[in-house]
Structure formats: structure tokens, C-alpha cells
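Novice: Provided below for reference: sequence and predicted model.
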Amino acid sequence: MLCFIFLGGCGKNEAQVTISGNDSKKEENGSTRMYKDVTGREVEIPVNPKRVVTTQYLDAMLALGVKPIGAPTHVLDNDYLGDLQDGVKDLGSPFSIEKVLELAPDLIISADQEEVEQLSKIAPTVVIPWLYGDVFTQLNEVGNILGKEKEADAWIVKLDEKASEGRKKIVNKISKDEVVSIFMTYGKDTLRLYGARNIGHVFYRSLELTPPAYIQEKLKTDPKFEEFVYDDISMEKLPEFLGDRIVMLSFEQETKEAGGMLNQIEQSALWKNVDAIKNNQVYYIEEDPWFTYAPIAIEKSLDQAIELLSK
């Protein structure tokens with residue numbers, strides 16, 4: 001997804017504790033412990049890591065109150081994080097092995113198994129593949145690695161409470177019978193229909209709105225939200241997936257300009273005759289924070305969605 005598309009402390013007195021969420025075991029030996037990551041690799045990692053580099057999970061770490069010492073440009077280049085990311089070294093994009101080496105990390109959290117060979121020569125490297133579970137599964141795994149399991153659980157409870165309050169605010173504004181479709185335009189020829197991961201998480205999972213029948217069928221075979229993120233569709237197919245309400249994210253300014261995909265859609269006869277257009281039920285959202293599938297981004301997106309839909 002562009003990686004978004006592009007793309008534990010175990011108890012100090014316990015010798016061995018099974019980690020919730022996977023079958024890893026923590027075996028404390030002085031200042032290190034053995035950890036089995038979700039790819040099945042056994043890695044000896046610090047019990048209390050102090051200098052962590054991540055190639056993807058900046059947002060999740062910050063949500064847990066841990067600031068990494070370095071991260072690639074593509075995860076730092078998000079305004080929604082504000083000053084939370086101050087002081088995190090930019091490793092470039094793609095990240096520079098030399099810059100990682102200069103930082104002398106004691107732990108690296110990666111999202112790509114292909115990075116491990118190089119990174120593990122610098123420091124113990126744990127992998128959480130980008131399509132491993134959903135945003136909550138990833139947050140819990142980061143929490144397990146950093147000894148922040150309780151913080152991860154508390155964060156998820158907080159978001160669930162906010163989502164519950166949001167559903168109460170919009171209950172009289174949008175009915176369960178209304179279908180909500182989520183699209184993203186990119187460049188001059190890309191139109192995407194989203195499911196319940198990434199952009200769709202807030203609308204379909206947090207706020208429990210109704211997706212098009214096509215998306216409902218997709219989700220039946222993807223209960224862990226690991227496989228289906230979006231489908232690319234042609235503009236001619238757009239009418240088949242239009243709901244009573246439409247959420248539209250335009251990725252990059254180019255898509256809004258003459259010849260861009262969003263511009264093409266808005267100038268088409270089919271778009272001008274859509275009921276959602278006539279009823280003023282089209283919601284335009286921005287890539288920041290919506291395009292990032294990570295805890296803090298999800299929370300900020302939820303705030304925006306509640307505001308949009310409760311008007």
C-alpha cells in the first residue's frame with residue numbers, strides 16, 4: 001500500500017509466561033528474553049528495550065507511550081501525529097541501513113520478512129507482517145514485544161468506548177438500512193472500493209454502518225481482516241457499488257485536477273444522477289489521517305467520522 005497500501009514485561013519473578021495472542025514464550029535471562037514472533041522466528045530481545053527502531057509501527061508505538069529512535073520517511077510524513085513524532089530520526093524511504101546502524105538500536109520491529117537478513121545483523125529484529133491481523137492485533141503484538149500489554153488493552157478499550165458513543169450520536173442521522181460505500185481515487189486511472197480494513201475500519205467496524213452487498217460477501221470469508229483491503233474497479237462499474245451514502249477519499253491533489261480520477265468521476269453524467277449526490281450525502285475525506293491504518297490514525301479518523309455523520 002505504498003505499505004499502507006504500497007503498504008512485555010512479563011512478571012519479573014516469573015521464569016516463563018505464555019503471551020496472549022500467540023504461542024511465544026518469555027524466558028527471562030538477565031536483561032534479555034526469548035521471543036517467538038508471529039512468523040515463528042525465535043529471537044533473543046531486551047526485556048526493557050531502550051533504543052527501538054521500527055520500519056512501520058511508529059503510530060502503534062506512540063499509542064503505547066514508547067517513542068522509537070528511528071523510522072522511515074513514509075511513516076513519519078503524517079501531519080496527524082503532530083509533535084508526538086518529534087525527535088524520531090528519519091531513516092529515509094526506503095530506509096537506509098547505514099542510518100539504522102548509526103543509531104545503534106537494541107531492538108528493531110519490522111513489517112517485512114525480507115528486511116530481516118540485513119536488519120538482524122544490526123540488532124535483534126522482530127517481524128509483524130503488515131497484513132498480520134487487523135490494527136488491534138498489530139497493536140497487541142507491538143505491546144507484547146515492548147512489554148506494554150496492559151497499555152495496548154487499555155487503548156483498545158478506550159477506542160471501543162469512543163466508538164460506542166459515536167454510534168449513539170449518529171443513530172438518528174443514519175439508519176441501518178442505508179448502505180455506505182467507500183471509495184478512493186488515485187492519479188488519473190485508479191478507483192478503489194474499500195472493505196472493513198484501512199479506510200473502512202471506522203465506518204464498518206467502529207460505527208457499524210452497512211457496506212454494499214459485494215463487500216458484505218467479501219467480509220464473510222475474511223473474518224480477521226487479513227486478506228481483503230480493497231478492489232480496483234473501473235469508473236463504468238461505479239454504479240454497481242454506489243450506496244445511499246458515499247465516502248470519497250482523494251489521494252494526492254492530482255486526482256482532483258482536470259483529468260484526475262476524481263475529476264473524471266465528478267464530470268460524468270452517471271455521477272450527477274446519483275441519489276447520494278442529489279441528497280447531499282457524499283462525504284469527502286483527506287488522506288491524512290484516513291489513509292494510515294494504525295491506532296492513532298484510526299482514533300482521529302473516528303473523531304472526524306462522528307462529526308461528519310452527526311451533522
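Specialist: It's in. Only a predicted model underlies this, so the values are computations on that prediction, with no experimental measurement involved. Numbers count the residues shown, from 1 in each chain.
Novice: Which strand or helix spans residue 308?
Specialist: Assigned by DSSP states H and E, residue 308 belongs to helix 295-309.
Novice: for stretch 166-183, how far is the first residue from the last?
Specialist: End-to-end distance for stretch 166-183: 22 Å, by Cα to Cα, to the nearest Å.
Novice: gap between residue 47 and residue 171?
Specialist: Noted for residue 47: a distance of 46 Å to residue 171, by Cβ to Cβ, to the nearest Å. The way it works is simple: take the backbone N, C-alpha and C, and place the C-beta from them, glycine included.
Novice: Lowest mean pLDDT among the helices and strands, pick that one out for the protein.
Specialist: Every helix and strand of the chain was ranked by mean pLDDT, DSSP states H and E. The lowest is strand 16-18, at a mean of 26.
Novice: just the helices in the stretch 1-150 of the chain please.
Specialist: Remark: helices assigned in the stretch 1-150 of the chain by DSSP state H, counting those that start in this stretch are 58-63, 73-76, 97-103, 116-119, 135-146, 149-170.
Novice: and of the ones you listed, who's closest to residue 202?
Specialist: helix 149-170 (8.2 Å; Cβ to Cβ).
Novice: tell me the mean pLDDT for the closest one?
Specialist: Helix 149-170 carries an average pLDDT of 98.
Novice: what does stretch 271-290 give?
Specialist: 93.
Novice: what's the offset of that stretch from the middle of its chain?
Specialist: Stretch 271-290 has its average C-alpha position 22 Å from the chain's average C-alpha position, going by Cα atoms, centre = their mean, to the nearest Å.
Novice: mind giving me JSON lines with the helices of the stretch 1-150 of the chain and columns for distance to residue 41 and mean neighbour count?
Specialist: Below are the helices of the stretch 1-150 of the chain laid out as JSON lines (distance: least, Cβ to Cβ, whole Å; neighbours: other Cβ atoms under 10 Å):
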{"stretch": "helix 58-63", "distance to residue 41": "19", "mean neighbour count": "25"}
{"stretch": "helix 73-76", "distance to residue 41": "22", "mean neighbour count": "18"}
{"stretch": "helix 97-103", "distance to residue 41": "19", "mean neighbour count": "15"}
{"stretch": "helix 116-119", "distance to residue 41": "8", "mean neighbour count": "16"}
{"stretch": "helix 135-146", "distance to residue 41": "12", "mean neighbour count": "24"}
{"stretch": "helix 149-170", "distance to residue 41": "20", "mean neighbour count": "16"}
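Novice: Could you list the low-pLDDT ranges of the stretch 1-150 of the chain?
Specialist: 1-30 (pLDDT under 70).
Novice: Could I get the full set of strands for it?
Specialist: For the stretch 1-150 of the chain, strands defined by DSSP state E, counting those that start in this stretch occupy the ranges 16-18, 25-29, 32-36, 42-46, 52-54, 70-71, 89-90, 107-110, 125-127.
Novice: among those, which is the most enclosed?
Specialist: strand 52-54 (a mean of 27; mean count of other Cβ atoms under 10 Å).
Novice: what helices or strands is that strand leaning on?
Specialist: When contacts are defined as 3 or more Cβ pairs under 8 Å, 6 or more residues apart in numbering; DSSP states H and E, strand 52-54 sits against strand 70-71, strand 107-110.
Novice: And the ones you listed: which comes nearest residue 275?
Specialist: Checking the helices and strands packed on strand 52-54 against residue 275 by Cβ to Cβ gives strand 70-71 as the closest, at 43.6 Å.
Novice: quick one on the thing from earlier: let's have the strands of the stretch 1-150 of the chain in JSON lines, adding distance to residue 60.
Specialist: Below are the strands of the stretch 1-150 of the chain laid out as JSON lines (distance: least, Cβ to Cβ, whole Å):
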{"stretch": "strand 16-18", "distance to residue 60": "22"}
{"stretch": "strand 25-29", "distance to residue 60": "20"}
{"stretch": "strand 32-36", "distance to residue 60": "17"}
{"stretch": "strand 42-46", "distance to residue 60": "17"}
{"stretch": "strand 52-54", "distance to residue 60": "8"}
{"stretch": "strand 70-71", "distance to residue 60": "11"}
{"stretch": "strand 89-90", "distance to residue 60": "18"}
{"stretch": "strand 107-110", "distance to residue 60": "9"}
{"stretch": "strand 125-127", "distance to residue 60": "13"}
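Novice: now residue 103: how far from residue 119?
Specialist: To residue 119, residue 103 is 12 Å away according to Cβ to Cβ.
Novice: My error: substitute residue 279 in the last question.
Specialist: Relative to residue 119, and taking Cβ to Cβ, residue 279 is found at 51 Å.
Novice: And residue 38, by the same measure?
Specialist: Going from residue 38 to residue 119 by Cβ to Cβ gives 16 Å.
Novice: before we move on, what about residue 153?
Specialist: Using Cβ to Cβ, residue 153 is found at 28 Å from residue 119.
Novice: Also residue 275?
Specialist: In this view, residue 275 and residue 119 are 51 Å apart by Cβ to Cβ.
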